[in-house]
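Colleague: Would you be able to build a 3D model of this:
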Amino acid sequence: ESNPVLRLHKRFTIKTDVLELCDGTMILVEWDNKSVCLFVDGLIGEQQVVTKPLPLFLSRFSSARSYYSGCTILGDGKISFILDIKNLINSVIK
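Modeller: You can find the predicted model right below:
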């Protein structure tokens, strides 16, 4: 049995030139005996981070409530969102 593929650029309406599966990266994620392959442009790196709640001004956006579990501030001051894997998988597998 193969896992469904969730193209994150489509889910979050992000313009990308990486459209073919052979050109990008697949990340297998699991939750509650369900699994999905996330299709992304590529991986930048790996970091240990402290997750913080989403800022209140983002709560008005439904996608922020649905697919992000929090955020973190990186060493260079940029904000990185933390994906809510449970909700992403449940949006693909009912």
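
Colleague: so what's D84 closest to, chain neighbours aside?
Modeller: Taking C-beta to C-beta, 6 or more residues apart in numbering as the measure, D84 lies nearest to S69, with 4.0 Å between them; neighbours along the chain are not counted. Any C-beta I mention is one placed from the backbone N, CA and C, and that applies to glycine too.

Colleague: Find out how far the helix or strand that contains the one you found is from the centre of the chain, if you would.
Modeller: Taking DSSP states H and E as the definition, S69 sits inside strand 68-73. Its chain's C-alpha centre and that of strand 68-73 lie 11 Å apart, by C-alpha atoms, centre = their mean, to the nearest Å.

Colleague: Local confidence estimate at the residue nearest in space to the middle of the chain?
Modeller: Centroid-nearest residue in the chain: L83, 4.2 Å away (criterion: C-alpha atoms, centre = their mean). If you check L83, the pLDDT there is 91.

Colleague: Return the backbone torsion pair for L8.
Modeller: Backbone torsions of L8, given as degrees, to the nearest 10, read phi -60, psi -30.

Colleague: In this structure, where is pLDDT below threshold?
Modeller: By pLDDT under 70, the low-scoring segments of the chain are 1, 59, 62-65.

Colleague: what residues are up against F39?
Modeller: Taking C-beta atoms under 8 Å, 6 or more residues apart in numbering as the criterion, F39 is in contact with V5, L6, R7, L8, H9, L21, G24, T25, M26.

Colleague: State the distance from it to K52.
Modeller: For F39, the distance to K52 (C-beta to C-beta, to the nearest Å) stands at 27 Å.

Colleague: Next: I44.
Modeller: Look at I44 and K52: by C-beta to C-beta, they are 20 Å apart.

Colleague: Distance-wise, check V5 relative to S80.
Modeller: For V5 relative to S80 (C-beta to C-beta), the value is 23 Å.

Colleague: and I27, what are its bridge partners?
Modeller: With DSSP bridges applied, I27 shows beta-bridge pairing to L38.

Colleague: go on, T72?
Modeller: Taking DSSP bridges, one obtains S80 as the residues bridged to T72.
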